[in-house]
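*Asks:* prediction below, plus the sequence it came from.
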Amino acid sequence: MQRKKPAPPEQTSAENFYYLKQMQARTPMVVVLNGDEVIHGVIEWYDKNCIKVHRANEPNLLIMKSAIRYIYKENENKHGGGGDGNRHPDNGQDEFIQP
């Protein structure tokens with residue numbers, strides 16, 4: 001009799017790891033909202049439902065994750081930074097994150 005594989009976890013720690021890594025490095029990020037509004041800043045804090053973005057010359061924002069379409073590093077373009085479009089985290093490039 002073959003055992004059934006256990007169901008995958010409902011949540012992985014990948015999203016948390018990504019946020020922590022960007023917060024510690026104070027990486028300038030671009031947050032694209034569902035309405036195509038673009039926010040530039042550094043992720044200062046996050047929890048299960050929202051992120052806090054620190055902006056240099058504008059007020060800081062608390063953004064609900066449900067309002068975010070995707071996030072990427074400011075020094076990369078939104079289509080993967082050029083090349084073949086494939087992302088290779090072991091090359092020092094991070095993947096896009098869609099909360």
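*Replies:* Arrived safely.
*Asks:* CA only for contacts and neighbour counts going forward, please
*Replies:* Fine.
*Asks:* sec struct for E15, please.
*Replies:* Using DSSP: H, G, I helix; E, B strand; the rest coil, the structure places E15 in helix.
*Asks:* then G35?
*Replies:* Secondary structure, three-state DSSP: G35 is coil.
*Asks:* how close does it sit to V53?
*Replies:* According to Cα to Cα, to the nearest Å, G35 stands 17 Å off from V53.
*Asks:* more neighbours: which of the two?
*Replies:* Neighbour comparison, G35 and V53: the larger count goes to V53, with 23 against 9 (by other Cα atoms under 10 Å).
*Asks:* the more buried one contacts W45, doesn't it?
*Replies:* Yes. Using Cα atoms under 8 Å, V53 is in contact with W45, at 7.4 Å.
*Asks:* how about the longest strand anywhere in the chain as PDB, C-alpha atoms only?
*Replies:* Longest strand of the chain, by residue count under DSSP state E: strand 38-46. The C-alpha coordinates for strand 38-46 follow below in PDB (Å, rounded to 0.1, in the frame of the first residue of the first chain):
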ATOM      1  CA  VAL A  38       4.100  53.000  -8.600                       C
ATOM      2  CA  ILE A  39       5.700  53.500  -5.100                       C
ATOM      3  CA  HIS A  40       9.500  53.900  -4.700                       C
ATOM      4  CA  GLY A  41      11.100  53.400  -1.200                       C
ATOM      5  CA  VAL A  42      12.600  51.000   1.200                       C
ATOM      6  CA  ILE A  43      10.600  48.300   3.000                       C
ATOM      7  CA  GLU A  44      10.900  49.200   6.700                       C
ATOM      8  CA  TRP A  45       8.500  46.800   8.300                       C
ATOM      9  CA  TYR A  46       6.000  44.100   7.300                       C
END
